[in-house]
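Student: Can you look at this prediction? I've put the sequence above it.
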Amino acid sequence: MENQNNVTEFVFLGLWENKRIELLFLFLFLLCYLAVLMGNFIILFTITCSHLIQQPMYYFLCHLSLMDLCYTSAVIPRLIRDLAAARKNISYSNCMTQLFTAHLLAAVEIFILVSMAFDRYVAIVKPLHYMVIMSRHRCNMLIVLAWGVGFLHSVALLLVMLHLPFCGPNQIDHYVCDVKPLLKLVCKDIHVVNILMIANSGMVVVVVFLVLVVSYILILYNLRTHSSAGRRKALSTCSSHIMVVVLFFVPCIYIYSLPAGSENKDKEVSVFYTVIAPMLNPLIYTLRNVEMKNAIRKIWSKTTHSELK
């Protein structure tokens, strides 16, 4: 069969078929998106305008917040628009662009989380060498590496999708252009492609998650030698990281480690890492972090004081 593509646009089936439920969730997702924007902007503003930007942990957190802002902006505005629209259509080129952008930003976020785990590992296991190992140059290199790996992952995924034939059905059983719902529309045997996609997305997510789990086990093991005050501070920071990792990785593993043909709740589960996790991340990192709360208070008092003048 020739790789003939007769599809010029796709139509999303969305999360629900009931219009009343869709209008209710339009309002809820709009509130969630505003919370994502406000929460992550507060983190970005607080870190960049305070001494916290000098610390590797907050430097990475700043980049994580930026990724959350960009990733949700690539997905949620269209989701909100489609919930209000009578016909949820997207052109083939825009669909491929959304696929590439979402996977690029998600992959960068994954490797920033790895960098944050590495930072905590060095801080707790090798505290005397911390500033040498986690220099600003090395932090920048880790960010560049995250973008490089993310770009390779998303380009490889996009090239495979562009060479697949879509010659008939164009209804995507999802609210976003993603690999698995698109593979269900391909008009040829996708057994080999399924294996490639699971290797590219599923296995990477599983391996990275296992690496993160092992790193946090080592961190907790090494905390035995610290003082009770040091343990409490380290546990508070690490517990925030672990909560963010679980919120992001568990739904991703569920979705990307299973083949495209399997019947599961992909689109419902994906809401966790497209909407809920980016909304909760700022709360997790601020409510459980004394330094962040103090920095927010200082900047807020400075801002209000300057406005009163």
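Tutor: Now that the structure is in, tell me what you want to look at. Residues are numbered from 1 along each chain as shown.

Student: if I look at the residue lying closest to Cys49 once chain neighbours are set aside, how far off is Val290?
Tutor: With sequence-adjacent residues excluded and distances taken as CB to CB, 6 or more residues apart in numbering, Cys49 is closest to Ile299, at 5.6 Å. For the C-beta atoms, the positions are set from N, CA and C on the backbone; glycine is no exception. Using CB to CB, to the nearest Å, one gets 15 Å for the distance from Ile299 to Val290.

Student: Counting neighbours, go ahead and name the busier of the two.
Tutor: Using other CB atoms under 10 Å as the criterion, Ile299 and Val290 rank with Ile299 on top: 16 against 10.

Student: returning to that earlier point: which ones are touching the residue nearest to Cys49?
Tutor: Phe45, Thr46, Cys49, Ser50 (CB atoms under 8 Å, 6 or more residues apart in numbering).

Student: again, only this time at 10 Å
Tutor: Ile42, Phe45, Thr46, Ile47, Cys49, Ser50 (CB atoms under 10 Å, 6 or more residues apart in numbering).

Student: quick one: which of those is nearest Asp266?
Tutor: Asp266 has its nearest neighbour among the contacts of Ile299 in Ile42, at 31.7 Å by CB to CB.

Student: how about the helices in the chain?
Tutor: Per DSSP state H, the chain carries helices over the ranges 19-48, 56-84, 92-125, 130-133, 136-162, 179-183, 191-197, 203-222, 228-256, 266-269, 271, 277-287, 290-308.

Student: distance of the residue nearest to Cys49 from Ile242?
Tutor: 27 Å.

Student: How about Lys184?
Tutor: Between Lys184 and Ile242 the distance, using CB to CB, works out to 34 Å.

Student: between these two, who's got more neighbours?
Tutor: Neighbour count, other CB under 10 Å: between Lys184 and Ile242, Ile242 has more, with 18 against 14.

Student: The more buried one against Ala234, yeah?
Tutor: No - with contact defined as CB atoms under 10 Å, Ile242 does not reach Ala234; the gap is 12.0 Å.

Student: intersection of neighbour lists for those two?
Tutor: Common neighbours of Ile242 and Ala234 (criterion: CB under 10 Å, 6+ apart): Ile219, Leu220.

Student: Neighbours of Phe209, how many?
Tutor: Neighbour count of Phe209, defined by other CB under 10 Å: 20.

Student: pretty sure Leu220 contacts His241?
Tutor: No - using CB under 10 Å, Leu220 makes no contact with His241, being 11.7 Å away.

Student: Check the gap between Val160 and Pro278 for me.
Tutor: 27 Å.
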